[in-house]
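Asks: I'll drop the sequence and a predicted model, then ask my questions.
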Amino acid sequence: MASAFEYAPAPESRAIVDIAPSYGLFIDGEFTEAADGKVFKTVSPASEEVLSEVAQAGEADVDRAVQAARRAFEKWSALPGTERAKYLFRIARIIQERSRELAVLETLDNGKPIKETRDADLPLVAAHFFYYAGWADKLDHAGYGANPRPLGVAGQVIPWNFPLLMLAWKIAPALATGNTVVLKPAETTPLSALFFADVCRQAGLPKGVVNILPGYGDTGAALVAHPDVNKVAFTGSTAVGKQIAKTVAGTRKKLTLELGGKGANIVFDDAPIDQAVEGIVNGIFFNQGQVCCAGSRLLVQESIQDELLDSLKRRLSTLRLGDPLDKNTDIGAINSEEQLTRITSLVERGESEGAERWSPACELPTSGYWFAPTLFTNVTQAHTIARDEIFGPVLSVLTFRTPDEAVAKANNTQYGLSAGIWTEKGSRILAVANKLRAGVVWSNTFNKFDPTSPFGGYKESGFGREGGRHGLEAYLDV
Amino acid sequence: MSTAAPHALADVTASDSTLRRFLHGLPGVDPVGLEARAASLGTRSIKTTAKAYAIDLAISMVDLTTLEGADTPGKVRSLGAKAVLPDPTDRSTPATAAVCVYPDMVPAAKAAVAGSTVKVASVATAFPAGRAALAVKLADVREAVSAGADEIDMVIDRGAFLAGNYLKVHEEITAVKEACGASARLKVIFETGELSTYDNIRRASWLGMLAGADFIKTSTGKVAVNATPANTLLMLEAVRDFRAQTGVQIGVKPAGGIRTTKDAIKFLVLVNETVGEDWLDNHWFRFGASSLLNDLLMQRQKLATGRYSGPDYVTVD
């Protein structure tokens, strides 16, 4: 949208982050090279610039890290809850103090807009540590009996869409309950986890309590399969989740999985339209749609379809796509070339199956991985784009006529992570929410997160809950 | 121009019940979502050339206002001089949009801005309470218009609105619009702080537009809650939707409580991203603010010189 009021570039300075040319693995409180000397490069998805070279953990490193975590577990789990809380509060405060630095780093490595890392990711990361710090000395009152015991060593594998936030979701409850941790960040976004390792050192966290092992899928597989790991927590794709479930089956390891989703955002004809449009935008274009609980299926009541789509298209035309470090950017880069390829092929599939594709006029930068915000109309339940998780800025619009039909369509998916309801009628919110098979149901809002609120899925979206009091259970022997 | 509702919506004002049904059939407003959107637009970072543009635009949109019981012709004269030439040290500074005064001060204001682009606006209709007989309000308007006022700022009867007498409010606005004649544009003030809910503000906006308002305006500046980013965003959505339905464009004026350049720019961002550049000039958007102008001028001087001068380098009135 060309306007007389053009916003001049407002880039956040990257001088605040000092990225070293190379990073090691973080094992037993020290940075160390991989046993076999392997390294890989991490790039900025917005420019394809190589940011750093990172050691790639192999099986021997996984073993080393698990041994370190096992040794640390004895002392860490024996500490009184108030002592563990002190460390967690300290980590939370350091994250707040370094939040600008970490936000810039996360934006560089992930490609998401600084507006989101600054205003959503980092505040939530700190909030999770604060929240679980508060639980550390109150576990007797969490509803799992007196003196619930930790499990031991937690092997955690996290995705690239919210690198630091997913780390916080995993590490904060694990440490609060007295477990020690070996965490594998995603291969495209290892940097903020390595900076977190430095935060742990700054906080004086005892050696071996937190270990960070960058690497690819095989590193994660080795970690999950390690016999001395007592608990596995994974967030990522459903396909990998199934493999992990198979690996863990028959062992005594406790498992939680937080996998894919195809969330339905249901807009009834009496919805607050302007706010619903914002919610739809936030539901699917937040983090370029690379969100497992994204509202990627819009179910709109037929009677307001035209009005709503007009508003939505007008709103999409005002989204600003470009340099993620610019404070005015709404849509950043797709995390990797691989992900861009996947989005592109699913969108082509949508077109070939007969859905109608629309994007606002939008110039894409010439280097880096970019995809314009896209919506599909004339989508039916039978279309691939209504069933498969695209994990990109692509919205499929379907219609319904009655609340029952909305519920039936919303539930007609192999996933069950999130859903949204938009209506001004309170009784309808409650009635519909009760029938939706989804772990989170938002009403008149979308993609709102809070450490006090449990999060997790039904069906192929996984099992177990993270966040809230419920999030403690996964790390306690109950 | 006819004072009747635009053709597409002519039936709406046929009776109290059709009007009520229409206003209550407008989409609801979710307060949390509305305020979140307004706040998120408030985080736009406006720097360098964009800031310079926004400051000049904001200055040109100011209705420089004095609405005190103690107003004198001398005070109004100096206000008018400032409106015409806000910063005598830099003659490239744009003039403000208007000076806004009580009806009895219109002749003084008119004389003070003679020969310039600055309009004279007058708050008629028993401002700010609006608690007077319709005949008195109309007389107030006629006096201001005959003295040369280019714009009339009227307050609606909030009592009637809150009692659900929408048709009464509608009739009053159409009567005032008629009294404005062809020469004066009508700004309808809702006093959003007294309407209390966002649903009411949306209904009042549509009611005002249906009755022939040329502008819809948040407030008088005389109550505790005046213009906010959220209520202005809501009114911008209303004028956008009204134009989509009727083809008629209506102006918006937030008033009261906007004191800093930073705040003013946030409002301009709301305009830019909600209704776009069609509203980005002083024919369609105004700031009802008196203390805002000095901050705009100081920020303008800072951009020009690189140094912040301070309040003694702009005039007090």
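Replies: Perfect, I can see it now.

Asks: Report the contact partners of the closest residue to chain B within the stretch 351-478 of chain A.
Replies: Closest contact between the stretch 351-478 of chain A and chain B, by CB to the nearest CB, is at A:Glu424 (4.0 Å). All C-beta spots, glycine's among them, are computed from the backbone N, C-alpha and C. A:Glu424 is in contact with A:Asp270, A:Ala271, A:Pro272, B:Gly28, B:Asp30, counting by CB atoms under 8 Å, 6 or more residues apart in numbering or on different chains.

Asks: Reformat the residues you listed into CSV and put neighbour count and distance to A:Glu6 next to each item.
Replies: Putting those into CSV (neighbours: other CB atoms under 10 Å in any protein chain shown; distance: CB to CB, whole Å) gives the following:
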residue, neighbour count, distance to A:Glu6
A:Asp270, 16, 38
A:Ala271, 25, 33
A:Pro272, 25, 31
B:Gly28, 20, 34
B:Asp30, 25, 31
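
Asks: pLDDT wise, what is the closest residue to chain A within the stretch 1-150 of chain B at?
Replies: Using CB to the nearest CB, B:Gly33 is the residue of the stretch 1-150 of chain B that sits closest to chain A, at 3.1 Å. Per-residue pLDDT puts B:Gly33 at 98.

Asks: Now do it against A:Leu213, distance only.
Replies: Distance, B:Gly33 to A:Leu213, using CB to CB, to the nearest Å: 41 Å.

Asks: Ok, B:Val141 next?
Replies: With the distance defined as CB to CB, B:Val141 ends up 77 Å from A:Leu213.

Asks: Spell out, range by range, the strands that occur in the stretch 151-300 of chain A.
Replies: A:153-157, A:180-184, A:210-212, A:231-235, A:254-258, A:264-267, A:297-301 (DSSP state E, counting those that start in this stretch).

Asks: hang on, the residue of the stretch 351-478 of chain A closest to chain B in a strand?
Replies: No - remark: A:Glu424 does not belong to a strand; assigned using DSSP: H, G, I helix; E, B strand; the rest coil, it is coil.

Asks: Contacts for the longest helix belonging to chain A next, please.
Replies: Identified as the longest helix of chain A according to DSSP state H is helix A:59-78. Contacts with helix A:59-78, where a contact means CB under 8 Å, 6+ apart, come from A:25, A:27-28, A:34-36, A:57, A:84, A:149-150, A:152-153, A:155, A:175, A:178-182, A:206-209, A:211, A:213, A:219, A:222-223, A:226, A:228-229.

Asks: before we move on, what about stretch B:48-61?
Replies: The contact list for stretch B:48-61 (CB under 8 Å, 6+ apart) reads A:4-8, B:46, B:86, B:93-97, B:261, B:264-265, B:268, B:280-282, B:285-287, B:292-293, B:296-297, B:299-300, B:303.

Asks: which of the residues in it are buried?
Replies: B:Ala50, B:Lys51, B:Ala52, B:Tyr53, B:Ala54, B:Ile55, B:Asp56, B:Leu57, B:Ala58, B:Ile59, B:Ser60, B:Met61 (16 or more other CB atoms under 10 Å in any protein chain shown).

Asks: check contacts around residue 113.
Replies: Since no chain was named, I'll use chain A. A:Thr107, A:Pro324, A:Asp326, A:Thr329, A:Asp330, A:Ile331, A:Gly332.

Asks: nope, chain B
Replies: B:Val113 neighbours (CB under 8 Å, 6+ apart): B:Gly80, B:Ala83, B:Val84, B:Val99, B:Lys119, B:Val120.

Asks: And A:Arg14, by the same measure?
Replies: A:Val104, A:Leu108, A:Leu325.

Asks: Check those for burial and list the buried ones.
Replies: Using 16+ other CB under 10 Å, the buried members of the contacts of A:Arg14 are A:Val104, A:Leu108, A:Leu325.

Asks: doesn't A:Asp18 make contact with the first one?
Replies: Right, the one you point to is A:Val104. No - look at A:Val104 against A:Asp18 with CB atoms under 8 Å: they stay out of range, at 10.7 Å.

Asks: and the lengthiest helix in chain B, which residues are buried?
Replies: Longest helix in chain B, counting residues (DSSP H): helix B:229-246. For helix B:229-246, burial by neighbour count (16+ other CB under 10 Å) applies to B:229-243, B:246.

Asks: how about the residue of the stretch 151-300 of chain A found nearest chain B, what does it touch?
Replies: As assessed by CB to the nearest CB, chain B sits closest to A:Gln275 within the stretch 151-300 of chain A, at 3.1 Å. Applying CB under 8 Å, 6+ apart to A:Gln275 gives the contacts A:Trp422, A:Asn444, B:Val29, B:Asp30, B:Val32, B:Gly33, B:Leu34, B:Arg37.

Asks: So which residue is dead centre in chain B?
Replies: Nearest to the mean C-alpha position of chain B, counting by CA atoms, centre = their mean, stands B:Lys253 at 2.5 Å.

Asks: hey, what's that residue bridged with?
Replies: Assessed by DSSP bridges, B:Lys253 has beta-bridge partners B:Lys217.

Asks: buried sites along stretch A:405-422?
Replies: A:406-407, A:409-411, A:413, A:415-422.

Asks: Equivalent analysis for stretch A:375-384, please.
Replies: By 16+ other CB under 10 Å, the buried positions in stretch A:375-384 come out as A:Leu375, A:Phe376, A:Thr377, A:Val379, A:His383.

Asks: ditto for stretch A:393-409
Replies: A:Pro393, A:Val394, A:Leu395, A:Ser396, A:Val397, A:Leu398, A:Thr399, A:Phe400, A:Pro403, A:Ala406, A:Val407, A:Lys409.

Asks: Buried members of the contacts of helix A:59-78 into PyMOL, please.
Replies: Remark: buried members of the contacts of helix A:59-78, expressed as a PyMOL selection using 16+ other CB under 10 Å:
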select buried, chain A and resi 25+27+28+34+35+57+84+150+152+153+155+175+178+179+180+181+182+207+208+209+211+213+219+222+223+226+229
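
Asks: what sits against B:Asp87?
Replies: B:Asp87 neighbours (CB under 8 Å, 6+ apart): B:Thr93, B:Leu297, B:Arg300, B:Gln301, B:Val314.

Asks: residue contacts, the most centrally placed residue in chain A?
Replies: When chain A is reduced to its mean C-alpha position, the nearest residue by CA atoms, centre = their mean turns out to be A:Phe162, at 4.1 Å. Residues counted as contacts of A:Phe162 (CB under 8 Å, 6+ apart) are A:Asp121, A:Asn287, A:Val291.

Asks: A:Glu48 too?
Replies: A:Glu48 neighbours (CB under 8 Å, 6+ apart): A:Ser367, A:Gly368, A:Tyr369.

Asks: Which positions in chain B make contact with chain A?
Replies: Contact residues (CB under 8 Å from any CB of the partner chain) of chain B with chain A: B:27-30, B:32-34, B:36-37, B:43-51, B:53-54, B:57, B:237, B:244, B:268, B:272-273, B:276-277, B:280.

Asks: mean confidence score for stretch B:275-294?
Replies: The model assigns stretch B:275-294 a mean pLDDT of 96.

Asks: before we move on, what SS does A:Trp442 have?
Replies: Applying three-state DSSP: A:Trp442 is strand.

Asks: so it touches A:Leu417, yeah?
Replies: No - A:Trp442 lies out of contact with A:Leu417 (CB under 8 Å); the separation is 11.6 Å.
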